[in-house]
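Engineer: how would this look folded up:
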Amino acid sequence: MTFLLVHKHDAPLETLNHALRRQSMRTEQAQTCEEAALWLAGPDTPVLVFTGVELPDGTWADVVRLAERAPIPVNVIVVSRLADIRTYIEVLQCGAFDFIAPPFEPTALAHVVSCAVGNVATRRSMQAQVLRQAEVPSQPLRLPAAS
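Structural biologist: As a prediction, the model looks like this:
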């Protein structure tokens, strides 16, 4: 399971990366929306994307839009230096899974990750079920013979 961190030398995300790795979670890095788009379209689509608020070629909102277009479900968690209620509400209203800020206490971080991963697993399972059902050829409707 892969987690993608999208940022360019953002201290909170570097701290988060260390916290995730201490919990034996696999992380990869992208510095721009363009690099994130390649990850999201690739064969090893991440389960979660943690993104900074500002990126060299966009913002967290651009990353959320990229994740929405990914071939399989992905959750985005926005990471900020400060806990700001206005940004928190905007982030959730725009489709991100969550908004977090340091410090990244291990138990709280594990809870956020567990909830986000569980949500993705459910959505991916539902998507696979819909795709399987779409592949099953429909049977012609057979009416009983008239007597």
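Engineer: hey, what's the residue nearest to the spatial centre of the chain bridged with?
Structural biologist: By CA atoms, centre = their mean, the mean C-alpha position of the chain lies nearest to residue 75, the distance being 2.0 Å. Judged by DSSP bridges, the bridge partners of residue 75 are residue 48.
Engineer: Going forward, the N-terminal residue is numbered 596.
Structural biologist: Shifting the count to begin at 596 puts that one at residue 670.
Engineer: Give me the distance between it and residue 685.
Structural biologist: From residue 670 across to residue 685, the span is 17 Å (CB to CB, to the nearest Å). C-beta: built from backbone N, CA, C; applies to glycine.
Engineer: which residue sits closest to residue 665, ignoring its sequence neighbours?
Structural biologist: Closest residue to residue 665 apart from its sequence neighbours, by CB to CB, 6 or more residues apart in numbering: residue 635 at 4.3 Å.
Engineer: The one you found reaches residue 660, doesn't it?
Structural biologist: No: the pair residue 635 / residue 660 is not scored as a contact, 10.4 Å apart, by CB atoms under 8 Å.
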